[in-house]
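S.K.: Okay, here's the prediction I keep looking at, along with the sequence it came from:
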Amino acid sequence: MTGTATGPDPRTRRKAEQPSARREAMLAKLAELDAEHAKAAAGGGEKYAARHHERGKLLPRERIELLVDEGSAFLELSPLAGWGSDFTVGASVVSGIGVVEGVECMITANDPTVKGGASNPWTLRKLFRASQIAEENGLPTISLVESGGADLPTQKEIFIPGGRLFRDLTRASARRQPTIALVFGNSTAGGAYVPGLSDYTVMVRERAKVFLAGPPLVKMATGEESDDETLGGAEMHARTSGLADYLAEDEHDAIRIGRRIVARLNRRKARPEPAGYAEPAEDPETLLDLIPTDLKEPFDPRDVIVRIADGASTGNEVPFDEFKPLYGPSLVTGWARIHGRPVGILANAQGVLFSEEAQKAAQFIQLANQSDTPLLFLHNTTGYMVGAEYEQGGIIKHGAAMINAVSNSKVPHLSVLIGASYGAGNYGMNGRAYDPRFLFTWPNAKSAVMGPQQLAGVLSIVSRAAAEARGLPFDEEADAGMRAMVETMVEEQSLPFVLSGMLYDDGVIDPRDTRTVLGICLSAIDSTPYEGTTRYGVFRM
Amino acid sequence: MTITRLLVANRGEIARRVFRTCRTLGIQTVAVHSDADTAAPFAAEADLAVLLPGDTPAETYLDIDRVLAAAADSGADAIHPGYGFLSENADFARAVIENGLAWIGPTPRAMDAMATKVEAKRLMETAGVPVLAELYPSALTDADLPVLVKASSGGGGRGMRVVRTMADLAETVRLASSEAAGAFGDPTVFCEPYVERGRHVEVQILGDAHGTVAVLGDRDCSLQRRHQKVIEEAPAPGIADGVRAALHEAARTAGEAIGYVGAGTVEFLLDGDRFFFLEMNTRLQVEHPVTECVTGLDLVALQIAVAEGEALADLLPGHPPEPRGHAVEVRLYAEDPAEGYQPQSGRLTAFDVPSAVVHFDNPTAYGIRLDSGVEAGTEIGTFYDAMVAKVIAWAPTREQALRRLAGALERATVHGVRTNRDLLVNLLRDPVFTAGETYTTYLDGADLAALTRNGYDEQGLRLAGLAAAVADAEERKHRSPVQRGIPVGWRNVVTQPQRTAFDRLTVEWYGGRDGYTSADGATRVVEVRGATVVLEHGGVRRPFTVRLHGDRCEVDSVLGHLALVRQPRFTDPAARVAAGSLLAPMPGSVVAVRARVGDTVGAGQVILVLEAMKMQHNVTAPADGVVVAIEVQAGRQVSAGDVLARVEEDA
């Protein structure tokens, strides 16, 4: 591995190729994921990409590839945004965390091959999410701008909330979180405020076009005759208006200048780069053989942890130190390291959260806050236990304690949905609404208020009870149809692509990449200081 | 007399060669060195070192007074001149002797006798040694053509030119004369019949102060480029016993005719079974190691012993040894054979000949000997000869020696500067050469592109490129301030390969979870261990060693050596070279500027003249236009790629 890490080199490792039904099923899901990613990457399609290239322009991902350090990783975020909507998968913008001149940055790039890079409601949500991640983790933002503005048919969903984009930019600057705009093409009307509100702007000669109103609108408004270059050309902005700080000769030059700007930001990460560590004791490749095809079948999260956490090495002699192993065994808690960085891990073991598990979690979260240790939640839960015994045992107040602890915890949180994430279990395990710094989903995961069969069953019981109460006959046939329909609907809605399309996660990832994804996230998190809390809501005793 | 402290009035490998013998004999060593050689290995390894301020040979190694002052200052009692520089300067020898120092070389009188080729030939003719007729340029006719024009002083092929038509005669003589004047301070040139396919065979002799001249065998140095020896071997192959005996006898006669003392070489032109005296070198030859290997003698030790007055009868009791086995030497040069043997300069970032078992000494058993003045880190400059090393193989038969030497060269690590290594390897395997049928002009008009080719064909280049890209990526990862443990080139959404641009190719590859693969999937990286990148292609594992020095990626493998230069991803538009710029084609010095700013020039018109090593190069206008800038003046040292001038093309 690196000069500092020890352990088996992943490149010398042979793939574990034993055929297993689990592996086959997961590979099939991964193939579907690849196909969806390919749709996002295709943007507006071959024809528009070719036309774009003919104009001597680069595609958004080509721009990003040039912008990031050679050989560095790029973690694309929300690649499936807009999935299942009327808009192209990916929402006509690319966002992600990349390393530029050794600095982890939030990079966004409009995809001008998709309707000229026009923003639709999903674009907006994706950009908001990118901006939130940049803010929480103190990442400089680099916007690769080429957008035709708002998608007019959906303007009512864009115009009002869209103002936040510009607000976020200037607030980032106020937080001394650098903002850089590289303008490759259109950046007009509202879009003009992206360069306008960025710390640094670079415009490409004869390509960038930045004005509030183009020639026709100016003509309408004042009768003045003008042209694009006069109103908003790169040369004009660099020499006359001063809106451009740098005039780039071409796209490559703009990216070169952008990199030089980052090189001079003098960014210092809040925490030092960790020293040596070992690769996992078990090959992450074998995660594919581990995950049951049926979500109802539980699996031991320790088998996952040993494949994503650092292996044993000096200073990390025990890869996973389990906390309270004998208490509340349905939730595994303990300390580990990922890429040399300490984490506290909470992972569901048997699906159900009982009072013991909830109390254990609340305590563990407080301990992590005492030692400023980030938390990783591995979801595979069907929710909190129900039934008279548990209600009387205080499951609500214990679940509330867990949610209280999760909600008020101030150390960075990471969530990965590795199986089910149902009901209030999703909340207690730090679901999307609890704002983990990052949340990723495995292709086999599902999330809903409850399992499809349970939900359909509940509906059936309720309607049967209603029929009985009114003394009406119960239509068994209609009930079966209703159950099937509800089951199908909920099943579909709880699939990862749907949830990812709605920005309820930051992406669906290959389980084998989990360690890498978390490593990048934890590294990005270290860009800005964090500290645990001692203040929580009232814990009901 | 007994020598106790010896100064070598030379540099580089020959200085180290002499020092090695001195250490063996228990003699203390003194080096003299120029400013440019301050950090050179020979200066460091001498017991004492004296700086001769300056860089040019004239200010340093050729300055008799300074060298003598250095000897006095360091308390040396003997001077060895090496080869080149002052080694054949009789005035120097005289001055050394007059200063009461032991001179490791022949008597000044013998040196005088052989100093000019014209005089030497007359002397030999008188002694009965066959010589080629001397021709006078003014009396030449078509019937005499072709002829060879030679500088009377000096050697090494400098100033030698062939004339094939009378029309060229005057100009050739003028050029040869000016080159001779510049190189040796003597413009005298002469002509002799030019033998088209002659061989260069020479005989090593050793004379003592008691009137004995011994013959220590012969060498063949026929493989030459532009009259410079490339490969030398002993004994000369394929010579009938009678001819060999006659050659040896002629050499002995030559030595005895001038009362020769010390080591010397009598050079002959062999044309079939006939041979002619060419010249005598009154010094140790560059190629002396091949004679040492096959005879087991230490020629420098013998030179010193003879200078100390010992008799050959005691030094070589009985007869000089019969040659045992066969020895071949190659001269590894920092040069680009495919580009007119342009000398190369720069830092030798790595230098290792792992097969070499001894340095500056005879192997005790058959094996590889290395005589080199450089080490890893040595700067190859433009002031002196660009020889990197002599690699010598000694084996039971010629065939085995050639194969061993080719293998040793192939496995050598030579990084940082371009060398003639591939040419040497190919020549050692060349069917004409291995058959012993080469002649001195064999390389004239040879297909140098083919002769400098190594295993890096299109496919080999692709493999090496991938290995270099991977090594480069690993290096970047280790240098990165963040995410050093994350797989190189990892993407969760993969849309395009990573691209690494080199001067000769752009490599497309994928990184990520499963390691590196070529973009076409045909090659994968199975291991990266230190500098070794192991590729698997077509079921075969192929290790490549890649060393990075700045932008240079030095790749070594079974295919040979390949240097790839990383291309920057971005160029600052301000740094782009303005159109019409004339760049220095090689490192060297500007000898003349022939145009001024504002001059209107025609395409091909000489703007300035560069001199690098032994050649002058005209830098000409690329098109009709106006000179808008001259960036250098005469005397200025320039590096390859420096902007010399700019010509704005006529619209």
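M.R.: Looks like it came in fine. Being a predicted model, the structure only gives us computed values, none of them experimental.

S.K.: Go through stretch A:371-378 and flag the buried ones.
M.R.: By neighbour count with 16 or more other C-beta atoms under 10 Å in any protein chain shown, stretch A:371-378 contains the buried residues A:373, A:374, A:375, A:376, A:377, A:378. For every residue, glycine as well, the C-beta is placed using N, CA and C.

S.K.: residues from chain B in reach of chain A?
M.R.: By C-beta under 8 Å from any C-beta of the partner chain, the residues of chain B that approach chain A are B:472-473, B:476-478, B:480-496, B:498-500, B:511, B:513-516, B:525-528, B:569-573.

S.K.: again, only using 7 Å
M.R.: With C-beta under 7 Å from any C-beta of the partner chain as the criterion, chain B comes near chain A at residues B:473, B:476-478, B:480-493, B:495-496, B:498, B:511, B:513, B:515, B:525-528, B:569-570, B:573.

S.K.: would you list every one of the strands in the stretch 101-250 of chain A?
M.R.: Along the stretch 101-250 of chain A, the segments classed as strands by DSSP state E, counting those that start in this stretch run A:103-110, A:141-147, A:179-187, A:200-204, A:246-248.

S.K.: Between those, which one is closest to chain B.
M.R.: With C-beta to the nearest C-beta as the criterion, chain B lies closest to strand A:103-110 of the strands of the stretch 101-250 of chain A, at 5.9 Å.

S.K.: ok, the spatially most central residue of chain B - contacts?
M.R.: Residue closest to the average C-alpha location in chain B (C-alpha atoms, centre = their mean): residue B:387, at 3.1 Å. Residues in contact with residue B:387 (C-beta atoms under 7 Å, 6 or more residues apart in numbering or on different chains) are B:331, B:333.

S.K.: ok, the residue of the stretch 201-350 of chain A found nearest chain B - how many residues close by?
M.R.: Using C-beta to the nearest C-beta, the single residue of the stretch 201-350 of chain A nearest to chain B is residue A:256, 3.7 Å away. When counting by other C-beta atoms under 10 Å in any protein chain shown, one arrives at 23 neighbours for residue A:256.

S.K.: Secondary structure class of it, three-state.
M.R.: Using DSSP: H, G, I helix; E, B strand; the rest coil, the three-state assignment for residue A:256 comes out as helix.

S.K.: hang on, isn't it packed against residue B:570?
M.R.: Yes. Between residue A:256 and residue B:570 there is a contact under C-beta atoms under 7 Å: 3.7 Å.

S.K.: Domain parsing of chain B, as residue ranges.
M.R.: Chain B breaks down by automatic domain parsing into domains covering B:5-104, B:133-193, B:200-221+B:241-451, B:458-479+B:495-565, B:573-649.

S.K.: mind checking which of these is nearest residue A:343?
M.R.: Of all the domains of chain B, domain B:458-479+B:495-565 sits nearest to residue A:343, with 20.6 Å by C-beta to C-beta.

S.K.: Endpoint to endpoint, that closest one covers what distance?
M.R.: In domain B:458-479+B:495-565, first residue to last residue: 17 Å (C-alpha to C-alpha, to the nearest Å).

S.K.: Taking the stretch 401-550 of chain B, what residue is nearest to chain A?
M.R.: Residue of the stretch 401-550 of chain B nearest chain A, by C-beta to the nearest C-beta: residue B:515 (3.3 Å).

S.K.: for the stretch 301-450 of chain A, what spans make up the strands?
M.R.: Listed in chain order, the strands of the stretch 301-450 of chain A (DSSP E, counting those that start in this stretch) span A:321-323, A:331-338, A:341-348, A:352-353, A:375-381, A:383-384, A:413-422, A:438-441, A:446-448.

S.K.: The fourth one pairs with which strands, and in what direction?
M.R.: Here strand A:352-353 has these sheet partners by DSSP bridges: strand A:383-384 (parallel).

S.K.: neighbouring contacts of the partner strand?
M.R.: Taking contacts as C-beta under 7 Å, 6+ apart, the residues outside strand A:383-384 that touch it are A:353, A:395, A:399, A:422, A:423, A:424, A:425, A:450.

S.K.: Adding distance to residue B:561 and mean pLDDT, write the strands of the stretch 101-250 of chain A out as JSON lines.
M.R.: Converted to JSON lines, the strands of the stretch 101-250 of chain A look like this (distance: least, C-beta to C-beta, whole Å; pLDDT from 0 to 100):
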{"stretch": "strand A:103-110", "distance to residue B:561": "37", "mean pLDDT": "98"}
{"stretch": "strand A:141-147", "distance to residue B:561": "41", "mean pLDDT": "96"}
{"stretch": "strand A:179-187", "distance to residue B:561": "41", "mean pLDDT": "96"}
{"stretch": "strand A:200-204", "distance to residue B:561": "42", "mean pLDDT": "98"}
{"stretch": "strand A:246-248", "distance to residue B:561": "40", "mean pLDDT": "96"}
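
S.K.: Redo those as a markdown table? Include mean neighbour count.
M.R.: Converted to a markdown table, those look like this (neighbours: other C-beta atoms under 10 Å in any protein chain shown):
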| stretch | mean neighbour count |
| --- | --- |
| strand A:103-110 | 27 |
| strand A:141-147 | 28 |
| strand A:179-187 | 27 |
| strand A:200-204 | 27 |
| strand A:246-248 | 21 |
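
S.K.: can those go into a markdown table with extra columns for distance to chain B?
M.R.: Below are these laid out as a markdown table (distance: least, C-beta to the nearest C-beta, whole Å):
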| stretch | distance to chain B |
| --- | --- |
| strand A:103-110 | 6 |
| strand A:141-147 | 15 |
| strand A:179-187 | 13 |
| strand A:200-204 | 12 |
| strand A:246-248 | 9 |
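
S.K.: what's the closest of those strands to residue B:32?
M.R.: Among the strands of the stretch 101-250 of chain A, strand A:103-110 comes nearest to residue B:32, with 53.6 Å by C-beta to C-beta.

S.K.: give me the low-pLDDT residue ranges for chain B?
M.R.: Applying pLDDT under 70 to chain B flags the ranges B:154-159, B:576-579, B:613-614, B:651.

S.K.: Just give me the longest strand of it.
M.R.: Secondary structure of chain B per DSSP state E: the longest strand is strand B:213-225.

S.K.: Would you mind putting the domains of chain B into TSV with distance to residue A:173 alongside?
M.R.: Below are those laid out as TSV (distance: least, C-beta to C-beta, whole Å):
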stretch	distance to residue A:173
domain B:5-104	52
domain B:133-193	67
domain B:200-221+B:241-451	46
domain B:458-479+B:495-565	30
domain B:573-649	29
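
S.K.: Of all those, which one is nearest residue A:487?
M.R.: Counting by C-beta to C-beta, residue A:487 lies closest to domain B:458-479+B:495-565 out of these; the figure is 35.6 Å.

S.K.: Now do that closest one: distance to the chain's middle.
M.R.: For domain B:458-479+B:495-565, the separation from the chain centroid amounts to 32 Å (computed by C-alpha atoms, centre = their mean, to the nearest Å).

S.K.: One more: stretch B:83-99?
M.R.: 24 Å.

S.K.: a markdown table for the strands of the stretch 301-450 of chain A, including mean pLDDT and distance to residue A:112?
M.R.: Output for these, formatted as a markdown table (pLDDT from 0 to 100; distance: least, C-beta to C-beta, whole Å):
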| stretch | mean pLDDT | distance to residue A:112 |
| --- | --- | --- |
| strand A:321-323 | 98 | 51 |
| strand A:331-338 | 98 | 37 |
| strand A:341-348 | 98 | 38 |
| strand A:352-353 | 94 | 47 |
| strand A:375-381 | 97 | 37 |
| strand A:383-384 | 92 | 45 |
| strand A:413-422 | 95 | 33 |
| strand A:438-441 | 98 | 28 |
| strand A:446-448 | 89 | 34 |
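
S.K.: can you tell me how far residue B:461 sits from residue B:410?
M.R.: The gap separating residue B:461 from residue B:410 is 17 Å, by C-beta to C-beta, to the nearest Å.
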